[in-house]
Each structure stands twice: as C-alpha cells, then as structure tokens.
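>>> whatever this is, show me its structure:
(chains A and B)
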Amino acid sequence: MAEKTEQAGRVPMPEQAPEIRKRNFDEVPTGYTVKMAQEEAARCIQCKKPGCVTGCPVGVDIPGFIHLITEGDLTGAIRHIWTRNALPAVCGRVCPQEAQCEGNCVMAKKGKPIAIGNLERFCADYEREHGTGALPPKAASTGKRVAVVGSGPSGLTVAGDLILKGHDVTVMEAFHKPGGVLVYGIPEFRLPKAIVAQEVNFLERLGVNVQCDTVVGRTVSLDELFEQGYDAIYLGVGAGLPRFMNIPGENLIGILSANEYLTRANLMKAYKFPEVDTPIPHGKNVVVLGAGNVAMDSARTAMRLGADTVRIVYRRSREEMPARKAEIHHAEEEGIEFFLLTNPVEYLGDASGRLTGMRCLKMELGEPDDSGRRRPIPIKGSEFEMETDLVIVAVGSGANPLLTQSTSDLALNKRGYIVTEPETGKTSKRGVWAGGDIVTGAATVILAMGAGRASANSMHSYLTLGW
Amino acid sequence: MFKILRRQEMAQGTVVLNEIEAPLIANKAKPGQFVILKANETGERIPLTMADSDPKKGTITVIYMVVGKSTALFRDLKEGEGYQDVIGPLGRPTHIEKVGNVLCVGGGTGVAVLHPITRALKEAGNHVTCVIGARNKDLLILEDEMRAASTILHVCTDDGSYGHHGFVTQVVEDVLKKETIQQAVAIGPVPMMKAVCNITKAFNVPTLVSLNPIMIDGTGMCGGCRVTVGEKTKFACVDGPEFDGHQVNFDELMLRLKAYCEEEKHCYEDYCQLTD
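So this is what the prediction gives:
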C-alpha cells in the first residue's frame, strides 16, 4: 500500500472521496477552513534558522506568513507571501513540498512537517474569496520596456517581479490563453483554471500587458522586439517537444503524446465535448507510458473520462517513479494500476489504423546508469501482449526549436536548450535572459519560478545599471 | 478579435473566402505557410494554409470548404464580425527558386493554397504549367486568378461539365509526356496528391505536397500532426506543411485524418439541427 500523504499530527486537508472524484473534474482537495489553517499554523515552532525557507526556490518567508495566520492577519499573510511569490495559489497546489520546504522542516524529522503547501494555498484562496483586493506597492515607473516570452510559471514570475520594480512589462503567449503549462498541462482537478486566470488577472491589475496568439520566432522575432523599443527580453517558452518511444506502430490512431492529450483536456476543455468543439479520445483500456507527474495527470484524466482500466506502464521500479508522492497516492486511490518494470516494444493495430494492443517486455534492474538510477534491463523471453485502445506517451520532452532556431545568435547546448549564466539567466545574446524548462529541460513549476526570480533580479540591475 | 474585412462565397456557398485583419501575421506571411483559427470561446483550433496575404493592408486570406461544425461556425461569421483567435504564420514557407519548367496541380480548395505558390514561382521566372480540377464546374474556384498566375492553365472536371473531362491526373500525365518538367507541386485532397505523386514518380519529377493533418498548437508541441515521410516521423506543423510527395505515407495520413470522424459527425449534425 502507498504511504499516507498526511502524517499524524498534521491537520489533513479535506478531499473528495476517491470513488466520487475519479469520475469528475472538480478539484480533489477542497481546502482548509480558517480554523483548520490556524490549528495547523500553531504547530509551527518558528525556528530561528528556518530550514523551510532554504528549501524554497523563491525564498518565501514561511515562518513569517505562518505567524501572521496564527495572529489572524490573513490579509497580511498573503501580502507577505506576495513579496517573494506572485503565484501562491498555484505553488500551494503543485510544488513538490516534500522535497523542498516541508522536507527541510524540523518537524519532518518526527514525520510531521508543517503542511506549508496547504497553508500557502489557504492564504491565496482566502484572499481570492474574501480579500480586500488591495495591490502590493509598486515602484515609480522607470520607463524601461520588457518583453516576456511565454506565460508559464517562470514568465509570470518575471512579469510579477519586474512590474513591481517599475518597469513596463508585456507577456507574449503563443496559445490563445495565458498560463503555459498551468493551463494546458496541469488538469483542472489538480489546479482549477479559474485560479490560474485569477493569478494572471492579479498581474494584469498590477499593469502587466498580456498578449496572446503571439508566436515569438514566427509572428515577431527577438530582433524586431528590440527594434520596437523593448529594452530587455526574457525567454520562458518551456520545453515543449514531445518525446515518443520510437517503436513500430507509433502513428496508429489512439497513440497521443501527453502534451496533446492534456492540451485537449485542459486548454481546450475537451472533457466537455460536445459542449465545446474539440474532441478527445475516450479509451476503454488506457495505458500511460511513464511515471512522472505528467503521467499521473494523464492517467487520472483518462479515468475521469470513463475508462474501464487505466494502467501506468513504467520500465523502472516504484522507487524511481519521479512523480510527487501525493500524485501517486491519489492515482492509486482512484484505481490506476501500476505495471512496473515493464517496457513496450511494439504497438499493435487493426486494418483501419486504430490501436488494439501493445507488446511489452518485463524488465529487471541492473547497475546504476548516468542518471544514478539502476538501469532497467529486458528479461529474455518475458514478452507479453496488453490490450489497449489508447496509449498516452508521457516519457518526457525535449527542447522545442521553434524560437531558438529562428534566433541565430542565441547559444544552445547540444540538446538544443538555451545556454545561460546560472546565477543570472543571461544568454549569449545581449539583452536576452532565459529560464525554466527551455534552459534546464523539463522540471517543476517552482524551479522555473526560481529561475525567473534570478533572471528578474539580473534584468532589473541591467535596466537600472547596464549589462 | 480578428475582424473579417471581406467575405465571399464560392462554389455555390460550399467554399468561403475570408479576408481577415491580422497585421502582424500579414507582415510575415509567405506562400505555403498556415495559420490556426478559432471562431469563439468554445471553438476548435483549426489550421488553414493561407490563400493570400497583404502586408500593406495588414490582411490575410483563407479559403475553406465547409465540412464540419468548425468550418460551419467560420461560414456563419459575417463581414465585420471576426475570429476570436488567429495565430501564425506557422510552418515553413515554400522554397521558391527558378528551376525552369514547373507543374502546379490543384484540386478542390487546394487550388486556394496553390495560387500564391504558383504566383511566386512564376514571378521567380519559371514557366508554370497549371492543372486545376473540381468535381464539376460549379465547384471550381479561382479559375481567373490561376489563369493570371500561371503560364498555361488546364482545367478539369470529374463530370466533364467544364474543361477536360476527367481527373487532373490524366492531364498531368499528358503534360509530363510532352514536356520536361523540373519540379511539380500538388495540393488538394489526399487521394489526389497520392495519385499525382504516383505519376510524377514514374517520370522522376520531384513533387512537393502540402499536408493538413489534425493538429492542436501548430508549434511542434503536441505531435498530433505526425506524418511518416521516408520512413521517418515528421511534425507537419514545424517540419512542413510541405514535404517531398514521393516520400509521404499517404495511406497512413488518410487513416489518421479519420481519428475523430464519429465525434465530428455528431458535432456537425447537432450544429445543423440547431441552426436550421
């Protein structure tokens, strides 16, 4: 059985029962009440040298905002978070807290870290539902113009930081809605889109100009942006190139990248088809390849779309699964099955080109590979067939070349990611910074935000002092 | 909103032209590139290869056949109204150079996409022979425009109601027998492109085709538009939409285009009932 997400002593956040939620798209955890939040906040011992803050990529003063909750100053608590983090409603929901703030909490040693993510979420939700709406103070205008390319977590962080420092900020998004992976990737039941829209709206109220339907690299080039009078550019375009397995039968109908499947479900709201016009395949026996957060999101989406069975097929063992513990736990509760140490070798289809099954091999773990994880090795003669009519490939992504290839003077590494100065996010092109997945490869929302913060600081000093 | 400045019905209302205000896209658009259009909040993202663009007026033109709910929604937009979203220009432009004798073949609304490419090829100094076709005379589009854009124009109809009686492939074969052609371009329904490529292959004439598979983002992110070209998987949105027609697996493309045929049928029928 999976370990419990909520250790003893923590105030658990109420959530929809698995049997009910596995067939709806409403958010799973329903949120703390004020009383619950204050009870949980009271457990914080207010360390002099708080490990939690060190564990936070954007350095939120965690004991500080928790103290304000215990004092009943919820308006103050959210404003205190905002000074370090423009997207608390998002981070409270999707950060891997167990590896960051909560993992470093002194109470974690006793197995009961403070539920920092839950409290952060509570503050943001309380402000949205009952708050004053008062904006944080903004520095006087500097007259400098900044273009932020991509409206995902790193771009929004840069926008939030630089607008408060008095710069004029325009965010350019290729899709028709802002939010990047928060909108197309993470499902409604984990991060309601109304919350993302509200976080974006918060930035717009601060004065950020959000321009959708703009594919930088195609609609407009970086050099043209400089010609138009932008003083600095931040590239936070995400990874955005789906990886496939490169095995026979991959182009049968019924094999989708997780990017496509989740974009249909989340951005296009295809789960409401025919109320909306974009369809999505409804598999009976769904297989998801991979075991990261994207794989869990895909599997749980397939279950909500009415699948009979949903199986995660992963070539390594449970220990190596990269997903957040809470996601694995939620997936198992909802009836997702795990076929570990299993790898597909071929897709099988019928005469109309539709997927009917998958041939797999059993694997065992050998010596550690480059990633430090034990290398999966096929077991001879272990081949077997699995019936499936929908496979979602969630085995990671690569660097999308659309923008980088159209910008000749931008240095890339051999995998196609943008090379930056690690501390500042500066690229090889003057006046251009980059951060998030297009620099690191696919990572987490909060790491992208951390990169955005570092770049924003560097951009601010450039805009006020020079390169 | 992206406003429709001009709307024109063609082929007895089955095909519609929209000239759309989109200055940023018009400024960059080249023959062979496409845009993604979305009619309204709940609409699908539909890729359409542009039929024209005018950087001075700041407009782009698309011409589409009404085949389902999404294109019916497009049809029902009036002049002065507009698309909620237009994104582009996407895909690689057609490679235009002077090669000598070029053969351009268009079928159905493919003629609309072929038109700016034909014009550019002729402007580059090529001798351009064009073959365009439709099921019957009423469904033929852009005949005058194509005549102006090409050096020689042949017209065919499947039923013989106008021009040559028969498929474009018959005329293509005749042309290839009589003339030395360095390059061909074929744009139209997938079976037509496949048939034309079979013939040009026999004559060893390199042939470009423009593909329009199912896609969502148009920027290489979803992989829904993958096509097999020369045994390799390509993304039509960023690697195409034009490919070497002799390498394209057309049969796979035809199957993949039917991925959502059931859903599309229901959706369209519901919409027709609602608007009747």
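>>> contact partners for the residue in the stretch 101-250 of chain B that chain A sits nearest to?
Nearest to chain A in the stretch 101-250 of chain B, going by CB to the nearest CB, is residue B:222, at a distance of 3.7 Å. Backbone N, C-alpha and C define where each C-beta goes, glycine included. By CB atoms under 8 Å, 6 or more residues apart in numbering or on different chains, the residues touching residue B:222 are A:242, A:257, A:259-260, A:263, B:215-216.
>>> top of the residues you listed by neighbour count?
residue A:259 (29 neighbours; other CB atoms under 10 Å in any protein chain shown).
>>> check which helices and strands the longest helix seen in chain A sits against.
Assignment by DSSP state H gives helix A:445-465 as the longest helix of chain A. Contact here means 3 or more CB pairs under 8 Å, 6 or more residues apart in numbering or on different chains; DSSP states H and E; on that basis helix A:445-465 packs against helix A:88-94, helix A:153-164, strand A:232-235, strand A:432-434, helix A:437-440.
>>> now do the third one, average pLDDT.
Spelled out, that is strand A:232-235. Strand A:232-235 shows a mean pLDDT of 98.
>>> and it with chain B, contact?
No. Applying CB under 8 Å from any CB of the partner chain, one finds strand A:232-235 separated from chain B by no less than 14.3 Å.
>>> ok, whatever helix or strand comes next after that strand near chain B or not?
Downstream of strand A:232-235, the next assigned helix or strand under DSSP states H and E is strand A:240-242. Yes. Shown here: strand A:240-242 in contact with chain B (CB under 8 Å from any CB) through A:240-242.
>>> for the residue of the stretch 101-250 of chain B closest to chain A, which non-adjacent residue is closest in space?
Leaving out its chain neighbours, the residue that sits closest to residue B:222 by CB to CB, 6 or more residues apart in numbering or on different chains is residue A:260, at 3.7 Å.
>>> contact partners for the closest residue to chain B within chain A?
Relative to chain B, the nearest point of chain A is residue A:353 (3.3 Å; CB to the nearest CB). By CB under 8 Å, 6+ apart, the contact list for residue A:353 reads A:252-253, B:252, B:255-256, B:258.
>>> which one of these sits closest to residue A:292?
Lowest distance from residue A:292 to the contacts of residue A:353 (CB to CB) belongs to residue A:252, with 23.6 Å.
>>> how near is residue B:54 to chain A?
Going from residue B:54 to chain A by CB to the nearest CB, to the nearest Å gives 16 Å.
>>> what's the pLDDT at that residue?
Residue B:54 is given a pLDDT of 96.
>>> pretty sure residue A:332 is touching residue A:323, no?
No. The pair residue A:332 and residue A:323 fails to qualify as a contact (CB atoms under 8 Å) at a distance of 11.0 Å.
>>> residues of the stretch 101-250 of chain A that sit close to chain B?
Going by CB under 8 Å from any CB, the residues of the stretch 101-250 of chain A near chain B are A:174-176, A:212-215, A:218-220, A:240-242, A:244, A:250.
>>> how many neighbours does residue B:128 have?
For residue B:128, using other CB under 10 Å, the count is 25.
>>> let me know the secondary structure of it.
strand (DSSP: H, G, I helix; E, B strand; the rest coil).
>>> any idea of the pLDDT on the residue of the stretch 101-250 of chain B closest to chain A?
Reading off the model, residue B:222 has pLDDT 94.
>>> helix, strand or coil for it?
Per three-state DSSP, residue B:222 ends up coil.
>>> same check, this time on residue B:42
coil.
>>> can you list phi and psi of it for me?
phi -100, psi 0 (degrees, to the nearest 10).
>>> how about it, nearest residue that isn't a chain neighbour?
Per CB to CB, 6+ apart, closest to residue B:42 is residue A:276, 4.2 Å.
>>> which bits of the stretch 101-250 of chain B sit near chain A?
So far as CB under 8 Å from any CB goes, the stretch 101-250 of chain B lies against chain A at B:216-217, B:219-224, B:226-228, B:233, B:238.
>>> filter those residues to the buried ones?
B:216-217, B:219-224, B:226-228, B:238 (16 or more other CB atoms under 10 Å in any protein chain shown).
>>> hmm, the residue nearest to residue B:42 is touching residue A:268, no?
Yes. With contact defined as CB under 8 Å, residue A:276 counts as touching residue A:268 (6.6 Å).
>>> neighbour count winner among those two?
Set residue A:276 next to residue A:268 and count neighbours by other CB under 10 Å: residue A:268 wins out with 25 against 18.
>>> residue 266: neighbouring residues, count only.
Using chain A here. Count around residue A:266 with other CB under 10 Å applied: 27.
>>> nope, chain B please
Neighbours of residue B:266 under the rule other CB under 10 Å: 14.
>>> how close does it sit to chain A?
Taking CB to the nearest CB, one finds residue B:266 at 6 Å from chain A.
>>> quick one, what contacts that residue?
With contact set as CB under 8 Å, 6+ apart, residue B:266 has these partners: residue A:274.
>>> can you give the distance of the helix or strand hosting it from its chain's centre?
Residue B:266 belongs to helix B:261-275 when assigned by DSSP H and E. Centroid separation for helix B:261-275 versus its chain: 24 Å, with CA atoms, centre = their mean, to the nearest Å.
>>> perfect, I'm done here.
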